[in-house]
Structure formats: C-alpha cells, structure tokens
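Student: with the sequence up front, the predicted model follows.
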Amino acid sequence: MMKLFSGFAVALLATFYAGQSALADPLPSWNDTEAKQRIIEFVETVSDPGSENYVTPSDRIAVFDNDGTLWGEQPLYFQLIYALDRLKQKAEADPSVLSSDVLKAAVEGDLGTVAAAGSEGLVEILNVTHAGLSVVDYQADVRDWLDTARHPVTGMAYDDMIYQPMLELLRYLRDEGFATYIVSGGGLHFMRVFAEEAYGIPPNQVIGSATQTSYEVVDGVPTVMKDGNIAFIDDKEGKPVGIDSKIGKRPILAGGNSDGDFQMLEWTTAGDGPRFGLIVHHTDGEREVAYDRGSHIGKLVRGLDEGPDLGWLIIDMAKDWAVVYPKTAM
C-alpha cells in the first residue's frame, strides 16, 4: 500500500511540476529552437537587476512593424484591400469618381497598373477612399469592414490573421517591463482601430503613415478631418524618424519582416548597450505564404543578406513557430 501511495505521489508531483513548467513558458507557440532561446536570454538579461546588461524599465522599449510581422500581408496589404473595396463601392454609386486610369485599373483589378503608378497612384486611391471623412467616421467604417470582410484565401476575418507567436512575444515583453509600440508603414488611423484589441497596444503607442488632417467645426461639433494627400510615410528611413519624433528614445528591440524595416532595425541595434533585432522570415508555404526576395509585398533582401552579420535573429516561420494563427480564430 505504501509503495502504491508513494508511486501515486511521485506521479502527482511530476504532473504538477510539468504543469508548472508549461505555465512558466512565456512563448508556448514557439518551438524549442535557437530563436526562442535567444529571445528569452535577451529578455531575461535586460530585466534582471543583477545582470551587467540590466536596462531600466523606462528604457525597455520594443518596436514592431505590423504588416507581415504581427499580421498577414498577402496577397495585398490589408489596408489596400480595404481601400479597393471602398473604391468599388463609391464607383458603383458614382462612376465619375473614376477620374484617372489608375482608379479605373484599381476597380478592374489591374494591380500591375496601380503598382506602376507608385506612390502617386496610391495617393489617388487614398484621396477617393479616405479623404473628406472625419477621423471618427473613417475609423467607424474601418471597424465595420473588419467585422464583415473576409480574406480571399483563408476565409478568415483580417484581424484574426494575427500571428500567435508574436502575440506571445508582445505579452512576454510587457510582463517583463517593456513598452511595446507598432511602427509601421500602414495608416495611423487604420491601425489604431484594432491595435489595442488585437495586440494589447493602445492607440497612443501606434506610429504609422498619415494623410494630412485638419481641424473644423462641423455642425457645431469640433472635428478632426482627413484631408487626403500624404503627410508622413512611416517606412524605410521614415521609421527611425517617426520613432524619434513620437517616442523620443531609441528602442532596444525592433522587429520587422521586410527591407522596409531595415533602417529601423539598423538604428535600433546600433545603440549602446544590449540590443536585439529580429526579422520574421516567411518560409511557411503550408500554413501561410512563403516569400522573400522576389515578392511584390514584403520584399526581403538586405535583411537576409546583412542581418545575420549585424547580429539580428532571422525567425524561420516554418521551423520556429509551432502555430501561426490563434486557435480561436481558426
């Protein structure tokens, strides 16, 4: 009887400690690879007061790109899909809004012509779909779109196509005293609609590209209006500039997925003291989309070629992530 009890007790304790170990894992959706080990080692080092590389909480700042880093971006940036949807709606109601070849091509799905028009073509689309609305009305419209629109390949809601491993990383960093920011080429007002609910990042910690805005009193109500035309592009060299102007400190950790994030990681990791740069490499063609050097979205060349020599972690999505999307979203 004593042996039976002793064996039961040992089994019970083993189960308990196994459960405790599982609970202690800050990144359960990451496989036990070098990537996970390097992240945990860095976070533990900078948050341990006894470490020579300890960083005070006020300087523990982490910044992340959004498109392709925290949520999907294929076959097009999700905000562009929103803009194209709204352009089609406006054109159905009033065909005269299609006042240029670029706008006509966009409605017809000729994205090659749109891409060839570059930033000027994008501005044309944004001026038709984003301008003339108050920020409040625009964001309400984005929220309605996110609630109803579905991705053409996965059939998922766009704000369900967030990466579970990155959600865990954001949560882990905040648990260890980091402030987490989004620094993305996406639209500021667009991302602020879902950032807090999706990532736990409040609107005031979102930095993005912005159209021109103005203040008006509309029907007696003080209002901020979206006027169209680009005021700031938060991409490439613009990212360090945006961080400096909005945060006022150089981060100690930066994450991205494309060469549009290169300068942000370069600037972050060039500072004094412990630094960490990471790139999400889209290698998983089974669970997501595999792309890098030749992609029209999220092109990644310099990050692959130069990142390792700069000490950056290149995350292999297929190898390092046990899951991609939250199970509740599937």
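Tutor: Noted; the coordinates are in hand.
Student: alpha carbons only for contacts and neighbour counts from here, please
Tutor: Fine.
Student: isn't D67 right next to E73, touching?
Tutor: Yes: under the criterion of Cα atoms under 8 Å, D67 makes contact with E73 at 5.4 Å.
Student: tell me the SS of S214?
Tutor: Recorded secondary structure, S214: strand (DSSP: H, G, I helix; E, B strand; the rest coil).
Student: what sits against the spatially most central residue of the chain?
Tutor: By Cα atoms, centre = their mean, the mean C-alpha position of the chain lies nearest to N66, the distance being 1.7 Å. Going by Cα atoms under 8 Å, 6 or more residues apart in numbering, N66 touches I182, V183, S184, G185, G186, G256.
Student: mind listing the helices for the stretch 201-330 of the chain?
Tutor: Taking DSSP state H, counting those that start in this stretch as the test, the helices found in the stretch 201-330 of the chain are 238-246, 262-269, 302-306, 317-320.
Student: turn the ones you listed into CSV, including mean pLDDT, distance to T211 and mean neighbour count.
Tutor: Compiled in CSV, the helices of the stretch 201-330 of the chain are given as follows (pLDDT from 0 to 100; distance: least, Cα to Cα, whole Å; neighbours: other Cα atoms under 10 Å):
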stretch, mean pLDDT, distance to T211, mean neighbour count
helix 238-246, 98, 14, 18
helix 262-269, 98, 21, 23
helix 302-306, 98, 28, 17
helix 317-320, 98, 33, 18
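Student: and those helices: which comes nearest A198?
Tutor: For A198, the closest of the helices of the stretch 201-330 of the chain is helix 317-320, at 20.1 Å, according to Cα to Cα.
Student: which stretches of the stretch 1-150 of the chain form helices?
Tutor: Secondary structure of the stretch 1-150 of the chain, counting by DSSP H, counting those that start in this stretch: helices at 2-24, 34-47, 78-93, 101-108, 111-116, 118-129, 135-148.
Student: and D85, how many neighbours?
Tutor: By other Cα atoms under 10 Å, 16 other residues sit near D85.
Student: what of the one 4 residues further on?
Tutor: The number of residues packed near Q89 is 14, by other Cα under 10 Å.
Student: for G307, see how far away it is.
Tutor: Distance, Q89 to G307, using Cα to Cα, to the nearest Å: 43 Å.
Student: ok, now G187?
Tutor: G187 sits 27 Å away from G307, going by Cα to Cα.
Student: give me the distance from stretch 123-133 to the chain's centre.
Tutor: From the chain centre to the centre of stretch 123-133 is a distance of 23 Å (Cα atoms, centre = their mean, to the nearest Å).
Student: so what touches that stretch?
Tutor: By Cα under 8 Å, 6+ apart, the residues outside stretch 123-133 that reach it are 83-84, 86-87, 90, 97, 102-103, 138, 225-230.
Student: which residue in the residues you listed has the weakest pLDDT?
Tutor: Within the set of the contacts of stretch 123-133, pLDDT is lowest for G228 (84).
Student: contacts only, for that residue.
Tutor: G228 is in contact with V123, L126, N127, H130, A131, G132, T211, Q212, T213, counting by Cα under 8 Å, 6+ apart.
Student: in stretch 77-91, what's buried?
Tutor: The neighbour-count check on stretch 77-91 (16 or more other Cα atoms under 10 Å) flags F78, Q79, L80, Y82, A83, L84, D85, R86, L87, K88, K90, A91 as buried.
Student: check stretch 47-63 too.
Tutor: Of the residues in stretch 47-63, those buried (16+ other Cα under 10 Å) are S47, N53, Y54, V55, R60, I61, A62, V63.
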